[in-house]
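> Okay, sequence plus prediction incoming.
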Amino acid sequence: MSTQLGLPSQGLDPDAITRLLEQYREHDVDWRAGKLWAYVFDPGAQAEQVIKRAYMAYLSENGLDPTAFPSLVRFENEVVAMAIGHLQGDANVVGNFTSGGTESILLAVKSARDWARAARPTRPDPSRRANIVLPITAHAAFHKAAHYLDLEVIPVEVDPITYQADVAAMAAAIDENTIMLVGSAVSYAHCVIDPIVELGQLALDRGLWLHVDGCMGGFLLPYFRRLGRPIPEFDFAVAGVSSMSMDLHKYAFAAKGASVVLYRDRELRRHQIFTCAAWTGYTMSNMTMQSSKSGGPVAAAWAVMRHFGDAGYLELARQVLAGTERVMAFVDGHPDLRLLGRSAMNHVAIASASPTVPLFRLADAINTRGWFMQVQLSYSSSPANIHLCINPINLAGIDKLLADIDAAIEEVRGAPPSPLLAQLQPMLGQVDVAKLDGPTLRGMMAMVGIEPGTVTAVGADINELFDMLEPAARARVVTEFMNELFVPSPVA
């Protein structure tokens, strides 16, 4: 068989393609078993069928030209209307459907940048870049947006106990080049709500754009409030909020990718739109980053929101809230564990409360029992932790998970760190990992079992090493790994 780059010489019949698809996924996480606590947000088999039927019905329709497929415009406008009502927006609020939270955030940052250019055409020091002031808990997508849009990020420390944004510290960080403030509802890492009311007032006082990142929490928080959780105002009920992002492929359980970006009014949203008439083809006008795009995601989002309706989502929220409270009560009552922050929703960040229980060894021991734990490295006042997203599909397994965590703690108690750390630590103290050349860095990575070009299981040895590195060095290693992972793979 040929192993050359390029198309295979002969095509395959549909059954052969299906067999290959199943073969390729044999090492993927089995999320349907309910043992994955991140990445997949599953609403159950019936809703999945509704989603797939709608997605496939509009798979080939193209959202590039709204005049060709007015059904897609109708889906989008109805989805956005449902989102606006959910987030207490009035008749002036507008928005668009996007491919995910990152695109929603990119668009909001781009709009804030262009709004500032129009509202403040001159700056005291034009040689400096405009900047965004945000808490260190704000999603990495804001850093990505700033990177793409040539803006500066000014990160601000948060309260070390609550992990909420420190409004006074953010106020102190604002300078003449600041254009935007960011708050989260909820933050991904600790699932807490920043003081949006206070941030809104700060934005009004300083004449700045405030974006509220509700990608993770925007859809579910209103239901938790109705179920008795003390959820503060975080949405368009707060006067200073200029824009919001809210993912639908998380807790509205839509197919990926599905999100919305919303604006206080059309004047703000106008800065999002890109139109080009300066070429020989058609005048291109795009509301979002993408031009051509399948109609499948927006049709599927519309379908699942109509399928569940308000009552259905409220019941799912009730179940998830009960499961989350069981997990939080377990952690609160365990002498070797502690919560980072008080989760406002259905994510929990669990740190070790005992020096004899190494966090990454604990995660490995839990995973060997058939679970898939996401770990978060330490950063500033936030120590390394295990992060759980508690979904409907996970609820049946919560008691077993908690029992397995208990057993895993005893298994790893007193476990020493990786001997590789002792070997590498002196070397790391003498070099700047962030500035190493590719071959040297790949050699060091191989020492701890990271093989660029292959999907490496990240266990305790690697995580302990990463946790020891400065963030810039972590980023350098992961960049090298990713650059080697995505390389052409000849088709046999």
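Yes, it's here. In this text, all values refer to a predicted model and were calculated from it rather than measured experimentally.

> Check which helix or strand residue 375 maps to.
strand 374-376 (DSSP states H and E).

> what mean pLDDT does that strand have?
For strand 374-376, mean pLDDT is 95.

> Need the residues that contact the helix or strand that contains residue 422.
If you go by DSSP H and E, residue 422 is part of helix 419-428. With contacts defined as Cβ atoms under 8 Å, 6 or more residues apart in numbering, helix 419-428 is touched by 444, 447-448, 461, 464-465, 468-469. Using the backbone N, CA and C atoms, a C-beta is placed for each residue, glycine as well.

> Just give me the closest of these to residue 238.
Nearest to residue 238 among the contacts of helix 419-428 is residue 469, at 38.4 Å by Cβ to Cβ.

> From the chain's centroid, how far away is the helix holding residue 422?
32 Å (Cα atoms, centre = their mean, to the nearest Å).

> so the next helix or strand after it versus helix 419-428, what angle?
Using DSSP H and E, the helix or strand that follows helix 419-428 in sequence is helix 438-447. Per axes from the mean of the first three to the mean of the last three Cα atoms, to 10 degrees, the angle that helix 438-447 makes with helix 419-428 is 150 degrees.

> and the following helix or strand past helix 438-447, which residues are buried?
Next in sequence after helix 438-447, counting helices and strands by DSSP H and E, comes helix 460-468. Neighbour-count burial for helix 460-468, counted by 16 or more other Cβ atoms under 10 Å, picks out 460-468.

> Next, give me the two most distant ones among those residues.
Farthest pair in those, by Cβ to Cβ: 460 and 468, 12.4 Å.

> Where does residue 15 sit, in terms of helix or strand?
helix 14-24.

> ok, and for the helix or strand of the chain with the lowest mean pLDDT, which residues are buried?
Least confident element among the helices and strands of the chain, by mean pLDDT, DSSP states H and E: helix 419-428 (a mean of 74). Counting neighbours by 16+ other Cβ under 10 Å, one finds that the buried residues in helix 419-428 are 421, 424, 428.

> For it, C-alpha coordinates in CSV please.
Output of helix 419-428 as CSV, limited to C-alpha atoms (Å, rounded to 0.1, in the frame of the first residue of the first chain):
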residue,chain,number,x,y,z
PRO,A,419,12.7,11.0,40.4
LEU,A,420,12.9,12.8,37.0
LEU,A,421,12.2,16.1,38.8
ALA,A,422,15.3,15.6,41.0
GLN,A,423,17.3,14.9,37.8
LEU,A,424,16.0,17.9,35.9
GLN,A,425,15.6,20.5,38.6
PRO,A,426,19.3,21.5,38.7
MET,A,427,19.4,21.8,34.9
LEU,A,428,16.2,23.9,34.8
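
> angle of it against helix 460-468?
Counting by the same axes, to 10 degrees, helix 419-428 lies at 30 degrees to helix 460-468.

> residues in contact with the helix holding residue 15?
residue 12.

> ok, then the element right after it?
From helix 14-24, the next helix or strand downstream (DSSP H and E) is helix 45-57.

> thinking again about what came up before, any idea of the mean pLDDT in the helix holding residue 15?
Mean predicted confidence for helix 14-24 is 92.

> Same check on stretch 150-164?
97.

> go on, stretch 51-69?
93.

> neighbouring contacts of that stretch?
Counting by Cβ under 8 Å, 6+ apart, 43, 71-73, 253-255, 290-300, 302-304 sit against stretch 51-69.

> could you pull out the helices for the stretch 151-300 of the chain?
167-173, 196-206, 221-226, 266-269, 296-332 (DSSP state H, counting those that start in this stretch).

> just checking, what packs against the fourth one?
Pointing back at helix 266-269 there. Here helix 266-269 touches strand 94-98, helix 101-119, going by 3 or more Cβ pairs under 8 Å, 6 or more residues apart in numbering; DSSP states H and E.

> Most tightly packed of those?
strand 94-98 (a mean of 25; mean count of other Cβ atoms under 10 Å).

> Sheet-wise, list the partners of it with their directions.
strand 259-263 (antiparallel) (DSSP bridges).

> got the contact list for the partner strand?
79-80, 83-84, 87, 89, 93-101, 103-105, 107-108, 111, 215, 236, 242-249, 269, 272.

> Could you do stretch 150-163 as well?
Contacts for stretch 150-163 (Cβ under 8 Å, 6+ apart): 109, 113, 128-138, 142-143, 145-146, 164-166, 169-170, 173, 177-179, 187, 189-190, 192, 340-342, 380-382.

> Let's see that with 7 Å instead.
With contact meaning Cβ atoms under 7 Å, 6 or more residues apart in numbering, stretch 150-163 is reached by 113, 129-137, 142-143, 146, 164-166, 169-170, 173, 187, 190, 192, 340-341, 380-382.

> Take the residues you listed and keep only those in strands.
In strands, defined here by DSSP state E, the members of the contacts of stretch 150-163 are 131-135.

> Any stretches of the stretch 301-450 of the chain with poor pLDDT?
429, 448 (pLDDT under 70).

> Let's see that with 90 instead.
Filtered on pLDDT under 90, the stretch 301-450 of the chain yields the residue ranges 373, 416-450.

> Over to the stretch 101-250 of the chain?
In the stretch 101-250 of the chain (pLDDT under 90), the answer is 119-128.

> Check the offset of stretch 112-125 from the chain's centre.
For stretch 112-125, the distance from its own C-alpha centre to the chain's C-alpha centre is 29 Å (Cα atoms, centre = their mean).
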